[in-house]
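1. sequence and predicted model, in that order:
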Amino acid sequence: MKMKHISTYISYSLILILFSSSIVAQEKKQDSAVAPLKSERYGIRFGVDLLKIARTVYDKDYKGFEIVGDYRLTKKYYLAGEIGNENKTTDEDQVNFTTKGTFFKVGFDYNMHENWLDLENMIHVGLRYGVSSFSQELNNYQIYNPNPYWGEVPATPGGVQFDGLSAQWIEVVVGMKTRVFDNVFVGFSFRMNRLVSNKQPGGFENLYIPGFNRTYDGDFGVGFNYTVSYLLPIYKKKTVPVVEEKK
Amino acid sequence: MKKIFCVLFIIGFILTGCEKDDICDPSTPTTPRLVIKLYDFNNPSVTKRINNLKIVGDGINYSNGVETNLGSQFWTDSLIYIPLRVNQDVSKFRFIRFAVQDTLLANARVDTLEFNYSRRDEYVSRACGFKTIFDLNGGQADPFILNNDEDATLGNWIRNIEVEETNINDENETHINIYFL
């Protein structure tokens, strides 16, 4: 679905490139003709992460949502952020625990994509600073015994809750957004996270952090979201298309 | 742009696919065994190797003895590693000297040793979960009881026993000393 979008989009762009070059060539001939002014919309865009909603529906061990938003600052830069909440029970071979908490991320997106005419697509890179406040509850655990002479022991109930935990991290974001109709956009993004601070529970570890996801090797994480968002236009800015001068 | 996405996809797969922290590395210290060092009773500063010692847990079949690191049920060494119960505060063993394969012969000499302790479970890692550590001083009874006699230190082949270290946190130090002839 996504790939199809991209390929149709690319082919449209190619056609547009061909057409516009001929238009530019014609305009060169008749100097009096005015080049059409491109107007770009500026506003606030907000939406939701569909993956977290879908997972809430099909995964009984997960409840979560994420609201995304951005505000266009300049032609290329967007102030961007996410806010959300997660309640996830992780069942691993050795430990079973429940993480509950809220996260907030703020940063910027830089649109690397040059749009033709009134298209408003984005291929963006960005950065976020994320903070999360959460609790961990150790439900049960296995005792690792390399010499189980007396037989395997069933899981030991944990029943310990660790409150007041927190973490902060930096995210590198790469993604794209495309306008599907009117003011509605669909997009996705990949994130690579690196913890900068992590308040661990005494006697346990933050193996999952809301907003950061699973911790790898202690302080690395990855993320992905698939968003639907709505643009609330605030004002328009006219821009003169840049025409390359030929010598 | 396509190149960037390819690289990102690959990085994503590497990060989610490898998950090397999902397997508990055998070199990670987890639940320790009780370490017994054997000494010569006539020369108490010198360790002594025992030959064909068999150790069988209380209530466990004679053919299912405690195994050495090499998988043998016959200990021929001066260091012995005893797996304690991780869900009870007492572990009892028969220490059988002059043991022969599968059958308990009349000339074998048996001493029963009961270890009493308290337990604590400590977090290790995602892959290893928790480990149990023991304290020989925290048990309901004496740290060790020889042949069901709380005051005994002289057994059928054991001449003396002493506690060297009460905290069993790892296998790097000796916890119990046994002297024999």
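-> Yep, it's here. Residues are numbered from 1 along each chain as shown, chains lettered A, B, ... in the order given.
2. can you tell me the SS state at B:Val46?
-> Following DSSP: H, G, I helix; E, B strand; the rest coil, B:Val46 is assigned to strand.
3. would you agree it is in contact with B:Leu38?
-> No. Using Cβ atoms under 8 Å, B:Val46 makes no contact with B:Leu38, being 10.3 Å away. (Glycine included, C-beta is placed from N, CA and C.)
4. which one of those two has more residues nearby?
-> B:Leu38 (22 against 9; other Cβ atoms under 10 Å in any protein chain shown).
5. which residues touch that one?
-> Taking Cβ atoms under 8 Å, 6 or more residues apart in numbering or on different chains, we find B:Leu38 in contact with B:Thr47, B:Lys48, B:Arg49, B:Ile50, B:Asp77, B:Ser78, B:Leu79, B:Ile80, B:Ile178, B:Tyr179, B:Phe180.
6. one more time with 10 Å
-> By Cβ atoms under 10 Å, 6 or more residues apart in numbering or on different chains, the residues touching B:Leu38 are B:47-50, B:53, B:75, B:77-80, B:158, B:174, B:176-180.
7. how about it, nearest residue that isn't a chain neighbour?
-> B:Ser78 (4.7 Å; Cβ to Cβ, 6 or more residues apart in numbering or on different chains).
8. surely that neighbour and B:Ile50 touch.
-> Yes. Using Cβ atoms under 10 Å, B:Ser78 and B:Ile50 qualify as a contacting pair, with a distance of 7.1 Å.
9. can you list residues touching both of those two?
-> Residues touching both B:Ser78 and B:Ile50 (Cβ under 10 Å, 6+ apart): B:Leu38, B:Ile178.
10. how about the closest residue to chain B within chain A: what's its closest non-neighbour residue?
-> Proximity of chain A to chain B (Cβ to the nearest Cβ) peaks at A:Gln94, 2.8 Å away. Excluding the flanking residues, the one nearest A:Gln94 by Cβ to Cβ, 6+ apart is B:Gly129, at 2.8 Å.
11. other SSEs contacting the helix or strand where A:Gly43 lies?
-> Here A:Gly43, judged by DSSP states H and E, is contained in strand A:38-49. Packing contacts for strand A:38-49, counted by 3 or more Cβ pairs under 10 Å, 6 or more residues apart in numbering or on different chains; DSSP states H and E, involve strand A:62-72, strand A:77-91, strand A:184-198, strand A:220-239.
12. so what's the residue of chain B found nearest chain A bridging to?
-> Across chain B, no residue is closer to chain A than B:Gly129, which sits at 2.8 Å (Cβ to the nearest Cβ). B:Gly129 has the following beta-bridge partners by DSSP bridges: B:Ser125.
13. wait, it sits on B:Asp121?
-> Yes. Applying Cβ under 10 Å as the test, B:Gly129 and B:Asp121 come out as touching, 9.2 Å apart.
14. which residues are common contacts for the two?
-> Joint contacts of B:Gly129 and B:Asp121 (Cβ under 10 Å, 6+ apart) are A:Tyr141, A:Gln142, A:Ile143, A:Thr156.
15. ok, longest strand in chain A?
-> strand A:156-181 (DSSP state E).
16. neighbouring strands - and their directions - for that strand?
-> strand A:122-141 (antiparallel), strand A:184-198 (antiparallel).
17. now do the longest one: distance to the chain's middle.
-> On the basis of Cα atoms, centre = their mean, to the nearest Å, strand A:122-141 sits 12 Å off its chain's mean C-alpha point.
18. list the buried residues in that strand.
-> By 16 or more other Cβ atoms under 10 Å in any protein chain shown, the buried positions in strand A:122-141 come out as A:122-124, A:126, A:128, A:130-141.
19. again, but for stretch A:198-218
-> Using 16+ other Cβ under 10 Å as the test for burial, stretch A:198-218 gives A:198, A:201, A:204-216.
20. hmm, B:Val124 is touching A:Gly203, no?
-> No. At 11.0 Å, B:Val124 does not count as touching A:Gly203 under the criterion of Cβ under 10 Å.
21. mutual contacts of these two, please.
-> B:Phe130.
22. tell me where the model's unsure across chain B.
-> Along chain B, the parts satisfying pLDDT under 70 run over B:1-21, B:101-102.
23. if we use 90, what do you get?
-> Regions of chain B meeting the criterion pLDDT under 90 cover residues B:1-27, B:51-52, B:61-64, B:71-73, B:97-109, B:138-141, B:148-156, B:181.
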